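Student: from the sequence below, what's the structure:
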Amino acid sequence: MFKLNGTVFTPSVLTLIGVPGLESVQCWIGIPFCAMYIVVLFGNFLLLVIIKIEQSLHEPMYLFLAMLGMTHIALSTCLLPKMLGIFCFHMPNIFFDACLLQMWLIHTFQCTESGILLAMALDHYVAICHPLRHATIFTHQLLMKIGVGVILRAALLVAPCLILIKCRLKYCRTTVVSHSYCEHLAIVKLATEDVRINKISGLFVAFSVLGFDIIIIILSYVQIFIAVFSLPQKEARLKAFNTCIAHICVFLEFYLLGFFSFFTHRFGFHIPPYIRILLSNLYLLVPPLLNPIVYGVKTKQIQDRVSKIFHSKDPS
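Tutor: Residues are numbered from 1 along each chain as shown. From the prediction side, this is the model:
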């Protein structure tokens, strides 16, 4: 067992062990993760192409969906290549600075995804509760500002965690990270001092960003449901409600998986480590995997365009 002797240092290279307890079968675990990555890239790229070429989809809701698709591609690309290198090619080492960069990018894109979901909820709120003002409020200039704003908010709020780890933490002789990617809490656990302040900084980012976004989204949908159920015609109520179904599904899968992973990591000490790690990986991969499918199933314009792409007409 490793015993501290008062000597600490900042390592140049860390070792990501992947899924603790399942090292012998990680190659097999890598196969479904590789398949998920291919589906994520294909589904989101296809969604971006359809939104670009279909003029009827150049509306705020679908432009936000395009932002979400780009975020999912970026997030999965930050995560999967290195993870597959660990699982399939036995390449566990990563430079310390590269690990910090991966951590910052992953958590930045997570916060960005939350901000886009918040913007989509506000878009639905204005479209249903104030339909006559929707076009004047959600202009293309505003959409661009929202896109830049959610990215800057995420990057700036996550940056202090990175700075604290880089500048204040001193590390033990071990450089082994019990995770398959550079997750904040897993890196902080290597520290010999200042652990509490770094855990608190991570909790602050999680609750200040995700907590604020959840509250606003819930309040928006309370107002939306009140407005929908007050509509006199049943068909109008169904149409208005149907436009929100896809976003509600995406909202639930992102936040429910997020909170489940968060609480199992911090309070599920009786849960085997490999289950916690796999849940953490799935939390990052399931929303990018399912979102194009959810919107493809619930959006007729996207269905029609996909049919045109994959089912060409007969030459006759």
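
Student: what ranges do the helices span in the stretch 201-316 of the chain?
Tutor: 212-229, 234-267, 273-298, 300-310 (DSSP state H, counting those that start in this stretch).

Student: what about the residue most central in space within the chain, which helix or strand?
Tutor: Geometric centre of the chain, nearest residue: Gln110, 3.9 Å, by Cα atoms, centre = their mean. If you go by DSSP states H and E, Gln110 is part of helix 96-129.

Student: what residues sit buried inside that helix?
Tutor: 96, 99-100, 102-129 (16 or more other Cβ atoms under 10 Å). Bear in mind the C-beta positions are built from the backbone N, C-alpha and C, glycine included.

Student: before we move on, back to that, could I get the helices of the stretch 201-316 of the chain as TSV with distance to Ala155 and mean pLDDT?
Tutor: Converted to TSV, the helices of the stretch 201-316 of the chain look like this (distance: least, Cβ to Cβ, whole Å; pLDDT from 0 to 100):
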stretch	distance to Ala155	mean pLDDT
helix 212-229	16	88
helix 234-267	19	78
helix 273-298	18	86
helix 300-310	30	77
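
Student: of all the ones you listed, which one is nearest Asn44?
Tutor: helix 273-298 (5.6 Å; Cβ to Cβ).

Student: could you check the angle helix 234-267 makes with that closest one?
Tutor: 170 degrees (axes from the mean of the first three to the mean of the last three Cα atoms, to 10 degrees).

Student: output the contacting helices and strands for helix 273-298.
Tutor: When contacts are defined as 3 or more Cβ pairs under 8 Å, 6 or more residues apart in numbering; DSSP states H and E, helix 273-298 packs onto helix 26-53, helix 60-89, helix 96-129, helix 234-267, helix 300-310.

Student: how about it: buried residues?
Tutor: Buried positions in helix 273-298, judged by neighbour count with 16+ other Cβ under 10 Å: 273-274, 276-285, 287-292, 294-296, 298.

Student: now do Phe109 against His72, distance only.
Tutor: 8 Å (Cβ to Cβ, to the nearest Å).

Student: also Leu65?
Tutor: For Leu65, the distance to His72 - Cβ to Cβ - is 10 Å.

Student: secondary structure class of the closest residue to His179 other than its chain neighbours, three-state.
Tutor: Spatially, and ignoring its direct neighbours in sequence, His179 is nearest to Ala186 (4.0 Å; Cβ to Cβ, 6 or more residues apart in numbering). At Ala186 the chain is in helix, as set by DSSP: H, G, I helix; E, B strand; the rest coil.

Student: residues near Ala186, how many?
Tutor: Residues within reach of Ala186, counting by other Cβ atoms under 10 Å, total 20.

Student: tell me the pLDDT at it?
Tutor: Ala186 carries a pLDDT value of 80.

Student: any weak-confidence spans in the stretch 51-200 of the chain?
Tutor: Along the stretch 51-200 of the chain, segments meeting pLDDT under 70 span 168-174, 191-200.

Student: look up the closest residue to Gly258, ignoring the ones flanking it.
Tutor: Tyr283 (5.9 Å).

Student: contact partners for that neighbour?
Tutor: Neighbour list for Tyr283: 257-258, 260-261 [criterion: Cβ atoms under 8 Å, 6 or more residues apart in numbering].

Student: Arg153: which of those residues is nearest?
Tutor: Set against Arg153, the nearest of the contacts of Tyr283 by Cβ to Cβ is Gly258 (17.1 Å).

Student: residue contacts, the closest one?
Tutor: For Gly258, the contact set (Cβ under 8 Å, 6+ apart) comprises 110, 210, 283.

Student: cool, and Leu289?
Tutor: Residues near Leu289 by Cβ under 8 Å, 6+ apart: 36, 39-40, 43.

Student: which among the residues you listed gets closest to Cys88?
Tutor: Met36 (13.6 Å).

Student: what about the residue lying closest to Leu41 once chain neighbours are set aside, how many residues nearby?
Tutor: Residue nearest to Leu41 in three dimensions, not counting chain neighbours: Ile73, with 6.4 Å by Cβ to Cβ, 6+ apart. Close neighbours of Ile73, defined as other Cβ under 10 Å, add up to 19.

Student: and Ile146, by the same measure?
Tutor: Going by other Cβ under 10 Å, the residues that sit close to Ile146 add up to 21.

Student: skipping its backbone neighbours, what lies nearest it in space?
Tutor: Nearest one to Ile146, counting by Cβ to Cβ, 6+ apart, is Ala119 at 5.1 Å.

Student: that neighbour against Lys145, yeah?
Tutor: No - between Ala119 and Lys145 there is no contact under Cβ atoms under 8 Å: 10.5 Å.

Student: now Ile94: phi and psi?
Tutor: Reported as degrees, to the nearest 10, the phi and psi values for Ile94 are phi -150, psi 140.

Student: that one against Leu14, yeah?
Tutor: Yes - counting by Cβ under 8 Å, Ile94 does reach Leu14; the two are 5.5 Å apart.
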